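Enquirer: I would like to see how this sequence folds:
(chains A, B, C and D)
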There are 2 protein chains.
Amino acid sequence: MHDRDPLRSGEAMAALAGLLADQTRATFCLALLDGRAWTVNELARQAGVAASTASEHVTQLVGGGLLAEERQGRHRYVRIADPDVAHLIETVTSAAGRRPMTVSSLGGANRRRALTYARTCYDHLAGRLGVAIADAMTDRGFVSWDHGLALTDDGADWLAAMDVRVDDRPASRRPALRSCLDWTERRPHLGGAVAAAVCRHAFDAHWISRVGNARAVTVTDTGRQAFVSAFGVAPEVLDSDGLATSGAVRRA
Amino acid sequence: MHDRDPLRSGEAMAALAGLLADQTRATFCLALLDGRAWTVNELARQAGVAASTASEHVTQLVGGGLLAEERQGRHRYVRIADPDVAHLIETVTSAAGRRPMTVSSLGGANRRRALTYARTCYDHLAGRLGVAIADAMTDRGFVSWDHGLALTDDGADWLAAMDVRVDDRPASRRPALRSCLDWTERRPHLGGAVAAAVCRHAFDAHWISRVGNARAVTVTDTGRQAFVSAFGVAPEVLDSDGLATSGAVRRA
DNA sequence: CGGACGTTTCGGTCGACGCCGAAACGTAGT
DNA sequence: ACTACGTTTCGGCGTCGACCGAAACGTCCG
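Expert: Prediction:
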């Protein structure tokens, strides 16, 4: 067994991918994409495994640098370590979603509905609301897709006018805007530092609030007004049960 | 065993990550990042496994949609299926490279040198040359990093003047420009459709040519002139043995 | 036709790993 | 101090999958 060039051999990549290659750990990561900290027990219940099993998995994920932990009393809270990891997980899931793979079990389509409306994706908005925001900002000329995704000058002014502060000097060169494929809408929504700032602002201004302990969020009445007037989102999109798929196929 | 919500469970993600979670398959993917088609035997030798083993791995990767195959006579050529897959692999490797993980074996540092100078990364340029091009295009105002990575109007004009045709309507919304972390330089170079067009043009114009059957490329004399005059790359960067790290820490 | 060569299939082996329950450990609250 | 509860450690079990060599299969070429 002659040792191989570590650069060409996929040692590190295989080790990292191996952390995501287990159904239970993958479920953990998906759950943690809501950006909040979960306890070991919560994760165990989410994935349907024993607490002892969950503990071992969490230890692995923390050891691999994917999760950061914070111990408080008898609780052990874990969350996604940093935006890079969130991006990694998003990339893998969206790649997985677009690939054939065995079969889609089609079950549980009911519970799905709650999540398709509006939810958080790590630290930004996703679901029909997230996609609608992306569309609306495009229509108003606040973001441009022409040469890669970018915030326009108008967009920067508009954010400043709303007093949305974008974290401009984060660690590790996080992009201001990123396109993030939405796995329910099958269309892109906005990620990156700007989208995170918008999401944070939406929570702070009580435009949206969490429902239950999942990723799902609801839009408040004031939020409804704000999204329609300031963002230019079509009102019917915000009907929590509307089947109108908004004005799709615009940037097809 | 009650079945779980397929949206929340990491079924698909675990399956996809599992394809990359094996050292041998990961090595295949890394090798295939040069963008060309390899035969099963070549991959087997690259990873140091038997041909039969390699065949089975290739079948898995093709079945998972990561690789596309093309059979010619008694040969079976495989290549990365599409730019999305290349992006996936790049994301995982760069995430793996920035993570602690066990230990870096530090061996094979010699062979590394050949690759640090200039190489291809799927369909664009990487290595010191790739990073230098990214820096130069930034300095000349052809790309902007302010609000996400974007090609400026000057950049578009400049490309047109050089007769570099960018594939503008590809499948699956490929971004025009992407930042791609370089694992030898530890700094970003340019990926995406624009960078692919530049790379293709560089080959067509004989600015660069492949050396051996690896990812490494050399810069020709005409290429040297072109990179210095048209791109504004500092000449010393193109010295194949120069230790000058260019004018680093510019966009730090 | 017959050999050379790239590829694939098939058994079979072996190690790695996910899972559990039971018991131990720590913290928090009564 | 005693109880409750979240977490962790430890054996042990079962499975999955990576690997190889040998043999079969195709294609190309002399």
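Enquirer: name the residues of stretch A:56-69 that are buried.
Expert: By neighbour count with 16 or more other C-beta atoms under 10 Å in any protein chain shown, stretch A:56-69 contains the buried residues A:57-58, A:61, A:64-67. (C-beta placed from N, C-alpha, C; glycine too.)
Enquirer: what of stretch A:159-167?
Expert: Buried residues in stretch A:159-167, counted by 16+ other C-beta under 10 Å: A:159, A:164, A:166.
Enquirer: residues contacting the last one?
Expert: Taking C-beta atoms under 8 Å, 6 or more residues apart in numbering or on different chains as the definition of contact, the neighbours of A:V166 are A:159, A:176, A:193-194, A:197.
Enquirer: now, which of those sits nearest chain B?
Expert: A:A176 (4.8 Å; C-beta to the nearest C-beta).
Enquirer: next, that closest one: secondary structure please.
Expert: coil (DSSP: H, G, I helix; E, B strand; the rest coil).
Enquirer: neighbours around it, how many?
Expert: Burial of A:A176 is recorded as 23 neighbouring residues (other C-beta atoms under 10 Å in any protein chain shown).
Enquirer: how much space between it and B:A150?
Expert: A:A176 sits 10 Å away from B:A150 when distances are taken as C-beta to C-beta, to the nearest Å.
Enquirer: give me the common contacts of these two.
Expert: Common contacts of A:A176 and B:A150 (C-beta under 8 Å, 6+ apart): A:A150.
Enquirer: hey, where'd the helices end up in the stretch 101-250 of chain A?
Expert: Under the criterion DSSP state H, counting those that start in this stretch, the stretch 101-250 of chain A carries helices at the ranges A:109-117, A:127-139, A:153-161, A:192-204, A:221-226.
Enquirer: just checking, A:V143 touches A:A156?
Expert: No - taking C-beta atoms under 8 Å as the definition, A:V143 is not a contact partner of A:A156, at 10.4 Å.
Enquirer: give me the more crowded residue out of the two.
Expert: Neighbours were tallied for A:V143 and for A:A156 using other C-beta under 10 Å; the higher tally belongs to A:V143 (24 against 16).
Enquirer: what sits against the nearest residue to the more buried one once chain neighbours are set aside?
Expert: Residue nearest to A:V143 in three dimensions, not counting chain neighbours: A:M137, with 4.9 Å by C-beta to C-beta, 6 or more residues apart in numbering or on different chains. With contacts taken as C-beta under 8 Å, 6+ apart, A:M137 has the following neighbours: A:143, A:155, A:190, A:231.
Enquirer: ok, the third one touching A:F142?
Expert: The reference is to A:L190. No - proximity of A:L190 to A:F142 does not meet the contact threshold set by C-beta under 8 Å, at 10.1 Å.
Enquirer: more neighbours, these two?
Expert: Neighbours were tallied for A:L190 and for A:F142 using other C-beta under 10 Å; the higher tally belongs to A:L190 (26 against 20).
Enquirer: contacting residues for that one?
Expert: Contacts of A:L190 were listed using C-beta under 8 Å, 6+ apart, and they are A:124, A:130, A:133-134, A:137, A:143, A:149, A:177-180, A:198.
Enquirer: got these as CSV, with pLDDT columns?
Expert: Formatted as CSV, the contacts of A:L190 follow (pLDDT from 0 to 100):
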residue, pLDDT
A:H124, 89
A:G130, 88
A:I133, 90
A:A134, 88
A:M137, 89
A:V143, 86
A:L149, 77
A:L177, 85
A:R178, 82
A:S179, 80
A:C180, 78
A:V198, 92
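Enquirer: who's in contact with A:Q46?
Expert: Taking C-beta under 8 Å, 6+ apart, we find A:Q46 in contact with A:27-28, A:31, A:38, B:8.
Enquirer: can you find the helix or strand of chain A with the lowest average pLDDT?
Expert: Of all the helices and strands that make up chain A, helix A:109-117 has the lowest average by mean pLDDT, DSSP states H and E, namely a mean of 52.
Enquirer: what's across from the spatially most central residue of chain A in the sheet?
Expert: Averaging the C-alpha coordinates of chain A gives a centre point, and the residue nearest to it by C-alpha atoms, centre = their mean is A:C121 (1.8 Å). According to DSSP bridges, the partner residues bridging A:C121 are A:H124.
Enquirer: what's near enough to touch it?
Expert: A:33, A:90, A:130, A:180, A:182, A:189, A:191, A:215.
Enquirer: so which one among the buried residues of stretch A:159-167 has the lowest pLDDT?
Expert: Checked by pLDDT, those have A:V166 as the lowest-scoring entry (85).
Enquirer: show me which residues of chain A sit near DNA strand D.
Expert: Contact residues of chain A with respect to DNA strand D, defined by C-beta under 7 Å from any atom of the strand, are listed as A:39-41, A:51-52, A:55-56, A:58-59, A:74-76.
Enquirer: which among those residues gets closest to A:I208?
Expert: Closest approach between these and A:I208, by C-beta to C-beta: A:T39, at 24.3 Å.
Enquirer: ok, what's across the strand from the closest one?
Expert: Bridge pairing for A:T39 (DSSP bridges) gives the partners A:Y77.
Enquirer: I figured it was touching A:R76, is that so?
Expert: Yes - A:T39 sits in contact with A:R76 when judged by C-beta under 8 Å, with a separation of 6.4 Å.
Enquirer: pretty sure A:H87 contacts A:A193?
Expert: No - the criterion here is C-beta under 8 Å, and A:H87 misses it with A:A193 at 11.6 Å.
Enquirer: and those two? Which one has more around it.
Expert: Set side by side, A:H87 and A:A193 show more neighbours around A:A193, with 23 against 20, by other C-beta under 10 Å.
Enquirer: one step back: from the helices of the stretch 101-250 of chain A, which stretch is densest packed?
Expert: helix A:127-139 (a mean of 24; mean count of other C-beta atoms under 10 Å in any protein chain shown).
Enquirer: quick check, A:F28 in a strand?
Expert: No - note on A:F28: no strand contains this position according to three-state DSSP, which reports helix.
Enquirer: who touches it in this structure?
Expert: By C-beta under 8 Å, 6+ apart, the contact list for A:F28 reads A:38, A:43, A:46-47, A:54, A:57-58, A:61, B:10.
Enquirer: and these, which is the shakiest by pLDDT?
Expert: Taking pLDDT as the measure, the contacts of A:F28 have their low point at B:G10 (83).
Enquirer: tell me the contacts of the closest residue to that residue other than its chain neighbours?
Expert: Distances taken as C-beta to C-beta, 6+ apart place A:A26 nearest to B:G10, at 2.3 Å, with adjacent residues excluded. With contacts defined as C-beta under 8 Å, 6+ apart, A:A26 is in contact with A:20, B:9-11, B:13-14, B:17.
Enquirer: ok, 7 Å please
Expert: Residues near A:A26 by C-beta atoms under 7 Å, 6 or more residues apart in numbering or on different chains: A:20, B:10, B:13-14, B:17.
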